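Trainee: next come a sequence and a model predicted from it.
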Amino acid sequence: MRLSLYPINTVKETPSEAEVISHQLMLRAGLIRRVAAGIYTWLPMGLRTLRKVEQIIREEMDRAGAMEVLMPAVQPAELWQESGRWEQYGPELLRLKDRHDRSFVIGPTHEEVITATARAELKSYRQLPANFYQIQVKFRDEVRPRFGVMRGREFIMKDAYSFHLDQASLAEGYAAMRAAYVRMFTRMGLQFRAVQADTGSIGGNASEEFQVLANSGEDAIAASDGDEYAANVELAAALPPTHARAAASQPLAEAHTPNAKSIEQLCGALKVSPAQCLKTLLVAGQDGGVVALLVRGDHELNAVKAGKLPGVASPFRMANAAEVQAAAGCEPGFIGPRGLKCPVYADHSALALANFVCGANRLDTHLTGVNWGRDLPEPTAADLRNVVDGDPSPSGQGRLKIVRGIEVGHIFQLGRKYSEAMNATVLDESGKASTMLMGCYGIGVTRIVAAAIEQNHDDRGIIWPAPLAPFQVVLVPMNAHKSELVRDTAERLYAEFIAAGIEVLYDDRDARPGVKLADAELLGIPHRIVIGERGLANGQLEYRARRAADNEDMPLAKAVAFIRARLNT
RNA sequence: CGGGGCAUGGCGCAGUCUGGUAGCGCAUCUGCUUUGGGAGCAGAGGGUCGCAGGUUCAAAUCCUGCUGCCCCGACCA
């Protein structure tokens, strides 16, 4: 492409609306423009990258045996009423009416449409398994769109849905999609992890998220440094300590601790470390009473884990002030397990403490030198806390590190949730109707573009992974207006690269060298060739990889071969 | 949805407290000089100061209401 034909508007100043680096660079490089909150136009340079992402996804989906379809963005309310989600889905579902006053939604996802399609098209078990996918616009009326296309309201998603006769086939289809995802994200040059996820509201047997690792990510992940294990922090199991509890060596004593309501204040007052303290949290119980949950002072309660304990109220909530007063006879900050009448669960690490500090259930008072068994009964052991950096991995290999990630993909074994509600059956071998099992597999296509930039940039701009770059090579003639040699050489090279099938951006603008070089770097084109009189006198061009700090000479006569060799690495 | 902030030319901002000619940088256009890292000089165009009311001789500025956007917390590709 001749840059003179596409007047890009790169911007030096960072737009004030952009918070994260990818959003800033996408605006500065002119890849996207905001049209409304969470709604963007993709300009030519940005669209080229978006198409590259789509193409890689398409190739890998096709290779995995999925079939591409295109479903409507606007969907009739009837389908959503049939699945029950017309009522269940909140205000995130954009609903609208047509001129005949009929209700529609703008699809936030396509389970309803695909299930309706599948029940119409799939009649026999012989047609199974089947996997349909599309790359299409979704609309979710997010409460708070932010970070540009990272969390837009309108976005492009690849969604795939597989249909199976039995669980074994579903598991196989799921594994095939998982492998396809690993291939895709690897091809895109992204650093990512497959992360065990909560199946939560969607249900089903298995679910994994694909997270691109980045500090600006919104999700916290516990990843092992010893193997491939990774899980959402909420999900990662905190293993019991391997060392045995130390023997009791201190006497039980009372300590006057005025106003020491937090662990921090307590440690300051008594000169102990948080890891020597026991935190007692009262939560609402099923029977209207409370349940006591004990974690070590330096640990955090995990609400997801706690909510699953027998006797704990659902949904999970902390006890209010009145309930605390009734159960412990004091205010929060001085609660302790000694003498509590309610059910008590202790985290494995809390149970390994000896000679610890805890509340005395009396204002401004704590107990020191407390020991299980001797001073109070042994509570029920449970996994109650969030894992922390350095915990052993539940996989048995290595230690956990807490890292942040951007969710770019999510795969589920759905089961029969939609097929049952919408009566999607096939005839099995014996001629009986059998409800199909489903899997669903999503990828945030537009989000990937932003995630790739989060992972690949420097202070000069974007550094595209080669497979996602809008162009492979940028030609930068210096002072072409003055030098016929430079101009002719640049034109010839441009033609040669096109003929060689290499995607080339030709900066034929009448701009100063500094402007062109700065734009080439901001745009993140992997390979740059500078054409100047200086080098041409010796038959040389100047080559620079986007990540490199210095120029390399490259013979004019072998320009295409030189670049081609670098494209293949 | 709760809390905070912002709204002034295409972009980034000042001016608002203390009412009185709408300003700066970038970008754009013209001319000249320049040209190996976002040029210099001279000139030009472009804003009903988010919208609607109100107070006042006079409102970007004070008051009321609305709208839009951004940021912080519970959801998701």
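Mentor: Received, thanks.
Trainee: roughly how far does the residue nearest to the spatial centre of chain A sit from residue A:207?
Mentor: Among the residues of chain A, residue A:407 comes closest to the average C-alpha position under CA atoms, centre = their mean, at 1.4 Å. Applying CB to CB, to the nearest Å, the value for residue A:407 to residue A:207 is 12 Å. Every C-beta, even on glycine, is put in place using the N, C-alpha and C of the backbone.
Trainee: alpha carbons of the helix or strand containing residue A:518, as PDB, please.
Mentor: Here residue A:518 sits within helix A:513-523, counting by DSSP states H and E. This file holds the C-alpha atoms of helix A:513-523, laid out as PDB (Å, rounded to 0.1, in the frame of the first residue of the first chain):
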ATOM      1  CA  PRO A 513      12.600  11.500   7.600                       C
ATOM      2  CA  GLY A 514      11.900  11.900  11.300                       C
ATOM      3  CA  VAL A 515       8.200  11.700  10.700                       C
ATOM      4  CA  LYS A 516       8.400   8.600   8.600                       C
ATOM      5  CA  LEU A 517      10.700   6.800  11.000                       C
ATOM      6  CA  ALA A 518       8.600   7.600  14.000                       C
ATOM      7  CA  ASP A 519       5.400   6.500  12.200                       C
ATOM      8  CA  ALA A 520       7.000   3.200  11.100                       C
ATOM      9  CA  GLU A 521       7.900   2.500  14.700                       C
ATOM     10  CA  LEU A 522       4.500   3.600  16.100                       C
ATOM     11  CA  LEU A 523       2.800   1.300  13.600                       C
END
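Trainee: in chain A, which residue sits closest to RNA strand B?
Mentor: residue A:532 (1.6 Å; CB to the nearest atom of the strand).
Trainee: how many other residues sit next to the residue nearest to that residue when sequence neighbours are not counted?
Mentor: Distances taken as CB to CB, 6 or more residues apart in numbering place residue A:478 nearest to residue A:532, at 4.0 Å, with adjacent residues excluded. By other CB atoms under 10 Å, 20 other residues sit near residue A:478.
Trainee: one more: residue A:542?
Mentor: 18.
Trainee: list the contacts of the helix holding residue A:518.
Mentor: A:8, A:10, A:25, A:28-29, A:45, A:460-462, A:470, A:474, A:476, A:478-479, A:505, A:507, A:509, A:528, A:530, A:546 (CB atoms under 8 Å, 6 or more residues apart in numbering).
Trainee: which residue is the nearest non-sequential neighbour of residue A:383?
Mentor: Residue A:383's closest residue in space is residue A:238 (CB to CB, 6+ apart), at 5.3 Å.
Trainee: confirm that the one you found sits in a helix.
Mentor: No - assigned with DSSP: H, G, I helix; E, B strand; the rest coil, residue A:238 falls outside any helix and is coil.
Trainee: neighbouring strands - and their directions - for the longest strand along chain A?
Mentor: Using DSSP state E, we find that the single longest strand of chain A is strand A:400-415. Partners of strand A:400-415 in the sheet, by DSSP bridges, are strand A:207-213 (antiparallel), strand A:219-224 (antiparallel), strand A:437-444 (antiparallel).
Trainee: in it, what's buried?
Mentor: Neighbour counts over strand A:400-415 (16 or more other CB atoms under 10 Å) mark A:400-403, A:405-415 as buried.
Trainee: what is the rounded mean pLDDT of that strand?
Mentor: In this model, strand A:400-415 carries a mean pLDDT of 92.
Trainee: contacts for the helix or strand following that strand?
Mentor: Sequence-wise, the next helix or strand downstream of strand A:400-415 (DSSP H and E) is helix A:417-421. Helix A:417-421 is contacted by residues A:82-84, A:111-112, A:115, A:118-119, A:163, A:202-204, A:424-425, A:435-438 when judged by CB under 8 Å, 6+ apart.
Trainee: do stretch A:37-46 as well
Mentor: A:6, A:8, A:26, A:29-35, A:50, A:142, A:145-146, A:148-149, A:151-154, A:449, A:470, A:523.
Trainee: buried ones only from those, please, as a PyMOL command.
Mentor: The PyMOL command for the buried members of these (criterion: 16+ other CB under 10 Å) is given here:
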select buried, chain A and resi 8+26+29+30+31+32+34+50+142+145+146+148+149+151+152+153+154+449+470+523
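Trainee: the contacts of stretch A:37-46: which ones sit near RNA strand B?
Mentor: Among these, the ones lying near RNA strand B by CB under 7 Å from any atom of the strand are A:34, A:142, A:145, A:146, A:151, A:152.
Trainee: just those: which are in strands?
Mentor: Going by DSSP E, the strands hold residue A:34 from those.
Trainee: now render the ones next to RNA strand B among the contacts of stretch A:37-46 as TSV, adding distance to residue A:244.
Mentor: Below are these laid out as TSV (distance: CB to CB, whole Å):
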residue	distance to residue A:244
A:34	59
A:142	50
A:145	52
A:146	48
A:151	47
A:152	53
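Trainee: okay then, goodbye and thanks.
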